[in-house]
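Asker: coords please:
(one chain, ligands or ions: 1)
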Amino acid sequence: MSYNVDKPGIFSFALETGISADRESSKRYLSNLRKIVANESALDEMLKKEDTLVYEFYEMGVPEHPGDIAFGTSICYPGKVGDEYFMTKGHFHTILDTAEVYLCIKGRGLMLMENPEGDVAYELLTPGNVVYVPKRYAHRSVNIGTEPFVQFFTFRADAGHDYGTIETSGFRKLVVERDGDFAIVDNPKWANKAR
Ligand code: MN
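Answerer: Next up, the predicted model:
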């Protein structure tokens, strides 16, 4: 649902949960992450019990015009597939030269980032932290905590989303649990196919 961005508008989000009563969220379940997770057999075992909600996001329906600003919330739930923490699929922007900011409002998580040249970065986010995702960097939110990881995001509205590159090649790094803490390790399935 879009709205008239030529007039002022006001929206609300619950600060604890990131939920907006103004829109329906888009939901991504374990079964949507088959191409994304490192350990597909662990995912299959989990799916025998339940197709768990991994993350959801509220987009406010700003039209994809260059002068407008898209915004919303992203909520990644706690959990793991094998030793890999629950995460969003992650994406490049279709217009690669488009940055984005995320403000953490709840929980504890990482923003995992990489650019096509192979630079990899991550930032730890707790409530009150804002991460600046530079242009050209793919980005993925990872919940390394025990409660929902909630962020507010905003970016240039015509940026577009390229999920296919990540679905094909993966991120270069994975975020896994090691001895009760997170660790950044090489992704054995990473393949430089798409770019
Ligand atoms: Mn983005």
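Asker: which secondary structure elements does the lowest-mean-pLDDT helix or strand in the chain contact?
Answerer: The weakest-scoring helix or strand in the chain, judged by mean pLDDT, DSSP states H and E, is helix 164-169 (a mean of 91). Here helix 164-169 touches strand 138-143, going by 3 or more CB pairs under 8 Å, 6 or more residues apart in numbering; DSSP states H and E. Every residue, glycine included, has its C-beta placed from N, CA and C.
Asker: Can you list the helices and strands that the strand it packs on packs against?
Answerer: Judged by 3+ CB pairs under 8 Å, 6+ apart, the packing partners of strand 138-143 are strand 69-76, strand 100-106, strand 109-114, strand 149-156, helix 164-169.
Asker: Tell me the first helix or strand C-terminal of the longest helix along the chain.
Answerer: For the chain, the longest helix by residue count, based on DSSP state H, is helix 40-49. On the C-terminal side of helix 40-49, the nearest following helix or strand under DSSP states H and E is strand 53-59.
Asker: what pairs with residue 114 across the strands?
Answerer: Beta-bridge pairing for residue 114 (DSSP bridges): residue 120, residue 138.
Asker: I'd guessed it sits against residue 137; true?
Answerer: Yes - if you go by CB atoms under 8 Å, residue 114 and residue 137 touch, sitting 6.5 Å apart.
Asker: right, and the secondary structure at residue 89 would be what?
Answerer: Put simply, residue 89 is coil when judged by DSSP: H, G, I helix; E, B strand; the rest coil.
Asker: Check the gap between it and residue 146 for me.
Answerer: 22 Å (CB to CB, to the nearest Å).
Asker: So the two - more neighbours on which side?
Answerer: residue 89 (17 against 9; other CB atoms under 10 Å).
Asker: OK, contacts around the more buried one?
Answerer: Each residue near residue 89 by CB atoms under 8 Å, 6 or more residues apart in numbering is listed here: 28, 32, 33, 36, 140, 163, 166, 167.
Asker: which ones are touching residue 119?
Answerer: Residues near residue 119 by CB under 8 Å, 6+ apart: residue 137.
Asker: I meant residue 33, not that one.
Answerer: Contact analysis of residue 33 by CB under 8 Å, 6+ apart lists 43, 54, 81, 89.
Asker: now with 7 Å?
Answerer: 43, 54, 89 (CB atoms under 7 Å, 6 or more residues apart in numbering).
Asker: which intervals of the protein have sub-threshold pLDDT?
Answerer: 1-2, 192-195 (pLDDT under 70).
Asker: beta partners for the closest residue to residue 155 other than its chain neighbours?
Answerer: Of all residues not flanking residue 155 in the chain, residue 100 sits nearest, at 3.8 Å (CB to CB, 6 or more residues apart in numbering). Note on residue 100: beta-bridge partners by DSSP bridges are residue 133, residue 155.
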